[in-house]
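In: I'll drop the sequence and a predicted model, then ask my questions.
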Amino acid sequence: MTSAPTAPSAPPSPLRIYLHSTLLTSHTLRGPAQEDYAQYSSYCTRRLSRLRHNRDVKKELLHCRQYKGAYSTRDATNAPAAGKGGKHAYRPIDMTNVPSPILASHVNFFLEPLYCAERCWASSLHFKALASGGGDGREGSGNALGGRKKEVSPGKLRAQSIKRLRKAVKYATLLETLTLSRYAGPVGAEGEEDGEATKEGDGAAPPVDEHTQMEARAYASWMRGNLALEQNQWQVAYAEYQTAMTLCQKLAISSNGSGGDGKENQNGQVEGNDGNSMQQLEMFDFFTTRAHSVIAPLLKYCHYELKENGMSPDEKISFLQESQHSNTSSNTANDPLQSKLLSLKTETLQNQATSGSNMSQLIFRENTIVVETKELRMALLKIQDLKEDWEAVAAKQTHGNAGKNDSKLMALLSGYDDAMSLANKELKQLAALKSGPAVNAKKFQLVNILGYVKYQKLKLLMARNEGLVNGILKGQSTGSGKGDNGKKKTKKELTLKQLEEVAHLYDALLQDARAVASLPGGGSLEDFDPSENGSTAVVEDEFLLEANANILRLRALRCYYLGRMHSSPLVHKYPEAVALLDQAESLASEALEEIAACDKMEGGDEMLEHLEKVVGEIKGEKCRVVAVSYLNKKASFSSSSSSSQSASSLLHRLHSYEVPSNPTKSIASVPPKLEPMVCKPSFFDVALNYISEYPGEELESAMEECWGKKDSGVAAQEFWVGFAVDKL
């Protein structure tokens, strides 16, 4: 029999392999970041082929019988002779037979089981997505299952997913074993046949350093936790995830505090301690993020499952929501807490819809509507929960969570659309039936439910758009207090772009308000026309009066801001601006009367207060536009004007008939410009009283130096008195 080769006598220094950093690069570029696990599985297959065919390691890693004398051959002494297939026949291998010095000679011995585990893990997640409806659910889809393309049950897909995950755990455990290997090579013992290999003699050094061993243990613990999680073994999963999290925290600390000189082997792999501070900082951030964003949600989920038995459904939802809020950095797509929370909410909604205790009745346009269908009740309950979530996020809205607020709003709008789709579906089913008291009553209920849902959706959109308008206006009107620098705050003028944004928003608001006025529903069952499903019937009630009053208010505000757009210096269409402001004032006065007549209108007092303020602004703006229009008209006939008159404002040119070349900025100077002020003669009388107190001796000596000794004192006094008399 062929004996196994002997291990080298001088083993290389231990390797340092950054396993998680290598996987992070692969996940970012090859599919897992986009949840495309089929693509990542294919990439792992290609990467494994390249790793195994390296000329330095292919003798140990390839399964060809050509290399049956290698260390990795399983039961090499009892290996069968080459039969069918010759040297290319399959050779079973066992990597634990490879001595530690040989493992330390190349990094591919550790990357090969790592990518085998990754390929099985990616394939498991791919089958899991198919089982949950994330694929076509057929064999052969995504190159994950071979054979014919036929429908596969979710149970079979789940079994296949767990099977692949078991293989991933097997390869991850093999990686951990190889990093801890101290096997020095086969040793011939006395009394044994010549060439028989034993695994005694564990005096060799490990092939990798302590950092790599910790990374391999953390990865293997995380993979074993995934398998236990899928098999509902919560205690085992909790222990494995706890181990992985502890190791990641230790790796982060060691990466942040490691030092020494880095070395590089012949394969380009960094050996020893890394002295690059930038890489240390990067590794510290990576392991900290992995511990808090990847492993922590899984650990919390296992903790939740362990204490779930004694909790009510409401307590379960509260616990999951608190866990979600405490860990905002976790990835929602891979967070089991989020999926569990959604499933619990769905189950709760189904129970509430079945019991009929909530959302069984609606009040719309003075009619009490009974919601008889379970699907509609469940859709309305879902809208109620989504609205509470959106209001909670909107109350805490900042620049950082604006995207989260938008996602909540879109989910709420989608809930309204689902409810409207259900109501329309039932109306279509009733359209094929003959008219009768029961059928007409059912149609009347569905039409009012449809009108109620549409009204709630339009009301939400209008409130959001009005909030955007108020945000633009609030950013310009900063109040009358003092700012951070101690200066007084001033009111800024709206730019033309901001005026356009406000006008566009009021256009959208006006369209929504007109849609509210044309909503179906209202009236009584006797007035209901089943042939049209209530879509064209107009019912004169309090709801319609309030909707028309709101339309007048929005028309007035739209005209006002359109007038301000036309009167801006960049547009200067003053006749059109005056016409728009007149129309805005007329509409605002009419809207004030209509809103005041609606006693039960929601937010009516705030609307009246705001409209009264806008009416005053319209009058002031119209006066300003008329004045600027007159100045602009006169300026076109004026031949020329002096520069001093052009620089003066209208307030300082009340008695001047010359119009400056740029009248739009010459009404008044804000703040007022400084003006020279003539001193009163009494100031010089007071000054004359203090002349005698000046040092006379020093002045006389100075006068003698300048004018000589001839009557210097008389000359000095004549000089000061003459100066004062001249000024008087």
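Out: Received it, and whenever you're ready, just let me know what you need. Numbering: from 1, shown residues only.

In: drop to CA atoms for contacts and neighbour counts, all remaining ones
Out: Noted.

In: pLDDT at Gln717, what is it?
Out: At Gln717, the model reports a pLDDT of 58.

In: please apply the same query to Leu320.
Out: Listed pLDDT for Leu320 reads 58.

In: and for Ala394?
Out: pLDDT for Ala394: 77.

In: which element follows the helix or strand where Phe127 lies toward the C-terminus?
Out: Applying DSSP states H and E as the criterion places Phe127 in helix 108-131. Counting by DSSP H and E, the next helix or strand C-terminal to helix 108-131 is helix 154-179.

In: what residues of the next helix-or-strand element following that following helix count as buried?
Out: Next helix or strand after helix 154-179 toward the C-terminus (DSSP H and E): helix 210-230. Across helix 210-230, burial judged by 16 or more other Cα atoms under 10 Å covers 210-229.

In: check which helices and strands helix 210-230 sits against.
Out: Helices and strands touching helix 210-230, by 3 or more Cα pairs under 8 Å, 6 or more residues apart in numbering; DSSP states H and E, are helix 19-29, helix 154-179, helix 234-257.

In: quick one: closest of these to Ala438.
Out: helix 154-179 (42.4 Å; Cα to Cα).

In: what angle separates that closest one from helix 108-131?
Out: Put simply, helix 154-179 runs at 160 degrees to helix 108-131, going by axes from the mean of the first three to the mean of the last three Cα atoms, to 10 degrees.

In: how far off helix 210-230 does helix 154-179 point, in degrees?
Out: 160 degrees.

In: and helix 154-179, which residues are buried?
Out: Under the neighbour-count criterion of 16+ other Cα under 10 Å, helix 154-179 has 154, 157-158, 160-162, 164-179 buried.

In: for that helix, give the mean pLDDT please.
Out: Here helix 154-179 scores 92 as its mean pLDDT.

In: that one packs against which elements?
Out: If contacts are counted by 3+ Cα pairs under 8 Å, 6+ apart, helix 154-179 sits against helix 108-131, helix 210-230.

In: what about the closest residue to Leu544 other than its chain neighbours, how many residues nearby?
Out: Of all residues not flanking Leu544 in the chain, Ala517 sits nearest, at 5.8 Å (Cα to Cα, 6 or more residues apart in numbering). Ala517 is flanked by 20 other residues according to other Cα atoms under 10 Å.

In: tell me which residues touch Ala517, please.
Out: Ala517 makes contact with 544, 547-548, according to Cα atoms under 8 Å, 6 or more residues apart in numbering.

In: I'd like to know which of these are buried.
Out: Using 16+ other Cα under 10 Å as the burial test, the contacts of Ala517 include 544, 547-548 as buried.

In: would a markdown table of these with secondary structure, pLDDT and distance to Ala104 be doable?
Out: As requested, the buried ones among the contacts of Ala517 are arranged in a markdown table below (DSSP: H, G, I helix; E, B strand; the rest coil; pLDDT from 0 to 100; distance: Cα to Cα, whole Å):
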| residue | secondary structure | pLDDT | distance to Ala104 |
| --- | --- | --- | --- |
| Leu544 | helix | 89 | 83 |
| Ala547 | helix | 91 | 80 |
| Asn548 | helix | 91 | 82 |
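
In: between the residues you listed, which is closest to Glu391?
Out: When the buried ones among the contacts of Ala517 are compared against Glu391 (criterion: Cα to Cα), the nearest one is Ala547, at 24.2 Å.

In: how close does that closest one sit to Ala503?
Out: 20 Å (Cα to Cα, to the nearest Å).

In: gap between Asp94 and Ala70?
Out: Here the criterion is Cα to Cα. By it, Asp94 lies 10 Å from Ala70.

In: comparing the two, which shows the higher neighbour count?
Out: The neighbour comparison of Asp94 against Ala70 (other Cα under 10 Å) goes to Ala70, with 21 against 14.

In: chain neighbours aside, what residue packs nearest to His303?
Out: Nearest residue to His303, sequence neighbours excluded (Cα to Cα, 6+ apart): Tyr238, at 7.0 Å.

In: who's in contact with stretch 557-570?
Out: The contact list for stretch 557-570 (Cα under 8 Å, 6+ apart) reads 496, 499-500, 502-503, 506-507, 571-574, 576-581, 583-585, 588, 614, 618, 621, 625, 664.

In: pLDDT of that stretch, averaged?
Out: The average of the pLDDT scores along stretch 557-570 is 90.

In: flag every buried residue along that stretch.
Out: Using 16+ other Cα under 10 Å as the test for burial, stretch 557-570 gives 557-568.
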